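S.K.: Pasting the sequence and the predicted model now:
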Amino acid sequence: MPSLAERWLHYAKCALRLFLFLLNNLYCIPTYTVWMWLLYPLTWVAPDIYWRIEGTLFRWLLHMVAMLSYTADYDVIEMGDRVDELEQDNCLFIINHQSTADVPIMMNMLTAHGRAADNSMWIMDVLFKWTNFGIVSQLHRDFFIQCGKDKRDKSVELLKTALIEDYVGLDRKWVLLFPEGGFLKNRKEVSQRFAQKNGLPHLERVSLPRIGAARAVLDLRAEHRPGSPKRANGVGHGDALPKPDGGQPRRRIRWVVDLTVAYPDQQRPLDLVSVMAGSRPPCNVYFYYRVFSSDQVPEDDAALTAWLYQLFFDKEEQLTEYYRTGRMPTLPPSKHGGREGLPPPRRLRHDPLAWLLRHLFFIGSTALHLRLAAAVSRGLCALVGSLAVW
């Protein structure tokens, strides 16, 4: 039992982390936004340069968020298939969704994998659009999907358009999708009723995935030729590469990555506030990857549904074993498409010096932008004064 002094020290540390996080938001997110607006004319003459700069600043912002969990000793342990070899491949990540900590923990993973963060496209709930990071995601061209029976079909149609214009057009690589359609605590009861009605297994650790968004990603067509001309807004024309058999052109995601996220306590997983404040004891968060070639994924709707359901049945089995024994089990080789010799678990690391330099960049940019704003304001005031005298 910690003493009163130890408890107050812990509370002070949490309050300081929260204050620093809010301060960080005040000089990082506006700086990113202002740079993107100032540089927007580049999209008319050199869109590739604009999106390269945007990707770099986006990755630096994600690094700010990643360091929240890293400095709180919430370490990400990667298991299963390696994904560092897929950073420049077109991949669909299928991820189970448990809490508000999922996004910052995912950012921890992305920024540890080279330039994966630059070239990622998030598909997330529309509510995220109105958070502090929402403006960043909008400028990065992430997609906000609306849930609910009356909006789901229309949202999936909009997603198909966004995938062609933003994912293909901007030559993004990784699509990050939480197909359960919400946090586990919100989806579990509905999922269990559906499973009981349709004779499916009872799930406690995950909920049944929704198929629409995954189907839209897997159905990408019109292969984007690298180096093809881009429109003024940076979106490619989507020239088609013919199929070898002379049929209609088709672009498939090359890999589907099944990612299972496991927190130490599923009844009380980490959340965004605990990550920001560092209020929970240090722990390991496990990321278990299974990489499937897109050729292994069925195209028929019924078969695809069964295939995706099986991924989540496997997650349920794996998570149940983890919470029973405290050890993340390795899935049988047959469930890895026949591959053997999985690498040992690896702990993600970040460079504190790079983090410090990025802080200095955002602070310096904020000072520059404030000086520019002050100069513009003085100029406008002088102009108004001159017009009034005239």
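M.R.: That came through fine. Numbers count the residues shown, from 1 in each chain.

S.K.: Can you list the neighbours in contact with whatever helix or strand L259 lives in?
M.R.: Element membership of L259 [criterion: DSSP states H and E] is strand 255-262. For strand 255-262, contacts defined as C-beta atoms under 8 Å, 6 or more residues apart in numbering pick out 81, 83, 86, 89-96, 98, 102, 105, 218, 285-294, 296-297, 311, 314-315, 318-319, 322, 328. For the C-beta atoms, the positions are set from N, CA and C on the backbone; glycine is no exception.

S.K.: Using CSV, write down the CA coordinates of it.
M.R.: Written as CSV, here are the backbone C-alpha positions of strand 255-262 (Å, rounded to 0.1, in the frame of the first residue of the first chain):
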residue,chain,number,x,y,z
TRP,A,255,-1.5,-8.3,-47.9
VAL,A,256,-4.1,-8.6,-45.3
VAL,A,257,-2.6,-8.2,-41.8
ASP,A,258,-4.7,-9.6,-38.9
LEU,A,259,-3.6,-7.7,-35.9
THR,A,260,-4.7,-8.7,-32.4
VAL,A,261,-4.1,-6.1,-29.7
ALA,A,262,-4.0,-7.5,-26.1
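
S.K.: Name the next helix or strand downstream of it, please.
M.R.: Strand 255-262 is succeeded, C-terminally, by helix 272-277 (DSSP H and E).

S.K.: got the contact list for the residue nearest to V34 when sequence neighbours are not counted?
M.R.: Nearest residue to V34, sequence neighbours excluded (C-beta to C-beta, 6 or more residues apart in numbering): H369, at 5.1 Å. Going by C-beta under 8 Å, 6+ apart, H369 touches 30-31, 34.

S.K.: By neighbours, which of the residues you listed wins?
M.R.: Neighbour counts for the contacts of H369 (other C-beta atoms under 10 Å) peak at T31, which has 22 neighbours.

S.K.: Spatially, and excluding backbone neighbours, which residue is closest to that residue.
M.R.: Excluding its sequence neighbours, the residue lying closest to T31 (C-beta to C-beta, 6+ apart) is S365, at 4.4 Å.

S.K.: how many other residues sit next to that neighbour?
M.R.: Neighbours of S365 under the rule other C-beta under 10 Å: 18.

S.K.: Now it. Its backbone dihedrals?
M.R.: Backbone torsions of S365, given as degrees, to the nearest 10, read phi -60, psi -40.

S.K.: Adjust the sequence numbering to begin at 42 for everything that follows.
M.R.: Happy to do that; since the first residue is 42 now, the last one works out to S406.

S.K.: what stretches of the stretch 92-241 of the chain score poorly on pLDDT?
M.R.: Within the stretch 92-241 of the chain, the segments meeting pLDDT under 70 span 189-191.

S.K.: so where do the helices sit in it?
M.R.: 143-152, 175-181, 190-203, 225-238 (DSSP state H, counting those that start in this stretch).

S.K.: Outside of the second one itself, list whatever touches it.
M.R.: To tie it back to what came earlier, the one meant is helix 175-181. Helix 175-181 has contacts (C-beta under 8 Å, 6+ apart) with 70, 73-74, 77, 95, 99, 102, 163, 165, 169-170, 185.

S.K.: try the last one
M.R.: Helix 225-238 is contacted by residues 137-140, 221-222, 241-249, 307 when judged by C-beta under 8 Å, 6+ apart.
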